[in-house]
Structures are given as structure tokens and as C-alpha cells.
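>>> return a 3D structure for these sequence lines:
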Amino acid sequence: MNIYDISQKAGVSIATVSRVLNGSNRVSPKTRDKVLAVMDQLGYVPNAFARGLGLKSMKTIGLLCPDASDAYLAKALDHLERGFRGHGYDCLLSCTGKALADRAKGVELLLGKHVDGLVLMGSTFVEADEKGNAYLRKAAAHTPLVLLNASYPCENVYCVLCDDYRATLEATQYLLDTGRKEILYLYHSRNYSGQKKLAGYKAGLERADVPVREELIRFFAEDKMSVPEVRDYLLALDREGLRFDAVLTSEDVLSVGAAKYARVTGKSVPEALSIIGYNNSSFCLCCEPELTSVDNKLETLCNQCVTTMLTVLKGEEAPQKTIFSAELVRRGSTL
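Next comes the predicted model:
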């Protein structure tokens, strides 16, 4: 028995049931009475653990991260934990890994800790195959979910993300506008965000009437994404005769590998080779010249995740999807 069952029986939304549970004054007395009557009829006891302690809330948020060793996600964890702590909420972390079964187990584990809500970091948590998202729908029937930089249309699921499509499109257009003609796109993920970035790259070329050449689109497996391996991969492409005058990447580590490739081959950056990364991480400042990168406003995204979750927990209306624009931070690796 969960709030989804209550909403179905009462003929109201999950959000309305949540407002009743949280004592919100944004529910009419008639609707509140109807929901409470259904709860009584079905014998529903909300958050039994908190109820037993005489609390409306455990003041705890569950954070799910596929890989806490990832610099981008580690930074997101810091922003989120600080944000919730500033509002009196503790956080429980589950490092799930990327396998579907492990992610589902991580969600189930935190639900068992009676958290007030879940924040899932990254589009890794959303499957392309709808069957694989059953664990999200099941969790959303119990507690609100906020997805960081991912999108999934489902009641009681709220999405906060960067417009990766437009960001990559504009980065591609910028390279073309500065005279680059053969732009190698190097990406590391086929998840929701990865698909949006790839689509943006292709759209940027098409808008400039530049043919999309599949040989200039290269997938580099995430588990091999170290700077030396990226460098060696690009060296291998060079030996095969693939020519490119710019490298656009889906992650800054890939762009650092491109910078190392340029140094080994003696190609001057940005005169002979322009490089643009993604995430605007500290890696960009570790190269000479420093790397141009797309800033996807991670701190802003995380702050909005906190705001959205707290709004929902107060029983108030929150947007199902909030999208922010990225910014191209220009440094010495582009003209």
C-alpha cells in the first residue's frame, strides 16, 4: 500500500495525497476529507517509522550516485549535501554503480531507511528501454524523486537539467565560426545527456550545411576514460589517417587527453587544433593553454534540486521539469 494506491482510489494526484500527508493548506477541506477517508478505509499508515517517533518527517534525504569517484558527481554531492543541511535535513548516500539491478537495489535500500525524498544524480538512472524504469515508477509511488540532469516523465518525479543539446550545438557553431572545418566529436556516454549532446553536435553541423561524417563521431567507453588512453586513442586515429582540426568532447577528461595528443604530435593549440571540453571542471585549468569548456551550471542545478525537493515536501506546487542554459567559457584552446 502506497500513496499511488491512495491517489487512484481517491481520484486525485499523488501530489495532492502528499499535500494532505504534509498538512498543506493548499488542499480543500472536501478533498482532504476524501483522501483521509480512503486512507482510513485502506488502513494506510504514512511513514510508519516517523509516525512511531511522533514525527511528520525524518528530515532525511536519500542521495543516489552511480560513481562517487567521478569528479563531476563528487562535486554535485557536495553541493546537494550542503544545500539540504542548510535547511535542516540530513543526507544518506548510496553509491549504486551503473548496472540497473544495482541502481534499483540502491533505491530500495534508501526507501527502507524512511527518507523523505530521493535525489538521483545523472541520466544513468534513466533507461532508454521503458521496462528498465519500473523501479523509478515504483519509488515515486512512495516518495518524491528529483532527477539531476536527467528527464523522465512520471508523476511525483521532478527533473532539473541543463540544456545539453543547445550547449553542444552552440559549441559546434562556435568552432565552425572560427574556421574549423573537420570537428571530431568524442563522447563517453549513450545515456539521456549523452544522446542530447550528440544530437546537438549533429544539429550544429547541419545548420551550417556541413555534412555529418560518421568517421568524425567517436565513442570512447567510460571505463577507459583516462587521459593517457584518450591521448593514445587519438594518436591511433591520426596514424589511420583521420584528419581533424578541432576536438569537441562530452567531458573535460577527454579534452585533456586531446591536449596531450596535440603536445605529442607537435600540433599547436589553438592554431592547428581547437579543443572544447564539457563541465568546465578544474581539469581545464591544468593544461597549457587552458581549455575552453561548456559550463553546465552544476551548482545552479544542485541548488534547484534542493529547492524543488523542499517545495514538494511542503506540499506546494513545483515544476515537473526545470531547464537551465549552459555557458561556453572561452580560454586559450580555441581561437
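>>> please make it C-alpha for all contacts and neighbour counts, starting now.
OK.
>>> shaky segments in the stretch 151-300 of the chain?
Low-confidence segments of the stretch 151-300 of the chain, defined by pLDDT under 70, are absent.
>>> what about the strands in it?
Taking DSSP state E, counting those that start in this stretch to define them, one finds strands in the stretch 151-300 of the chain at 157-162, 183-187, 217-219, 246-249, 274-278, 292-295.
>>> name the helices or strands packed onto the fourth one?
This means strand 246-249. helix 164-177, strand 183-187, helix 252-265, strand 274-278 (3 or more CA pairs under 8 Å, 6 or more residues apart in numbering; DSSP states H and E).
>>> from the chain's centre, how far out does that strand sit?
Taking the mean of its C-alpha atoms, strand 246-249 sits 22 Å from the chain's own mean (CA atoms, centre = their mean, to the nearest Å).
>>> hmm, back to that, can you redo the strands of the stretch 151-300 of the chain as JSON lines with distance to Arg263 and mean neighbour count?
Shown next, in JSON lines, are those (distance: least, CA to CA, whole Å; neighbours: other CA atoms under 10 Å):
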{"stretch": "strand 157-162", "distance to Arg263": "32", "mean neighbour count": "24"}
{"stretch": "strand 183-187", "distance to Arg263": "17", "mean neighbour count": "23"}
{"stretch": "strand 217-219", "distance to Arg263": "21", "mean neighbour count": "14"}
{"stretch": "strand 246-249", "distance to Arg263": "14", "mean neighbour count": "26"}
{"stretch": "strand 274-278", "distance to Arg263": "12", "mean neighbour count": "29"}
{"stretch": "strand 292-295", "distance to Arg263": "17", "mean neighbour count": "25"}
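>>> of those strands, which approaches Glu81 most closely?
When those are compared by CA to CA, strand 157-162 sits nearest Glu81, at 16.3 Å.
>>> that closest one packs against which elements?
strand 145-148, helix 298-313, strand 321-324.
>>> part of a helix, is Leu63?
No: residue state for Leu63 (DSSP: H, G, I helix; E, B strand; the rest coil) corresponds to strand; a helix is not indicated.
>>> for it, grab the count of nearby residues.
Neighbour count for Leu63, taken as other CA atoms under 10 Å: 23.
>>> gap between it and Leu110?
8 Å (CA to CA, to the nearest Å).
>>> any shared contact partners between the two?
Listed as contacting both Leu63 and Leu110 by CA atoms under 8 Å, 6 or more residues apart in numbering are 92, 94.
>>> just to revisit the earlier point, quick one, which of the helices and strands packed on strand 157-162 is packed in tightest?
Across the helices and strands packed on strand 157-162, averaging neighbours per residue (mean count of other CA atoms under 10 Å) puts strand 145-148 on top, at a mean of 25.
>>> which residues of the chain fall in helices?
Taking DSSP state H, the helices of the chain run over residues 3-10, 14-21, 29-42, 48-52, 71-85, 100-111, 134-140, 164-177, 192-207, 227-239, 252-265, 298-313.
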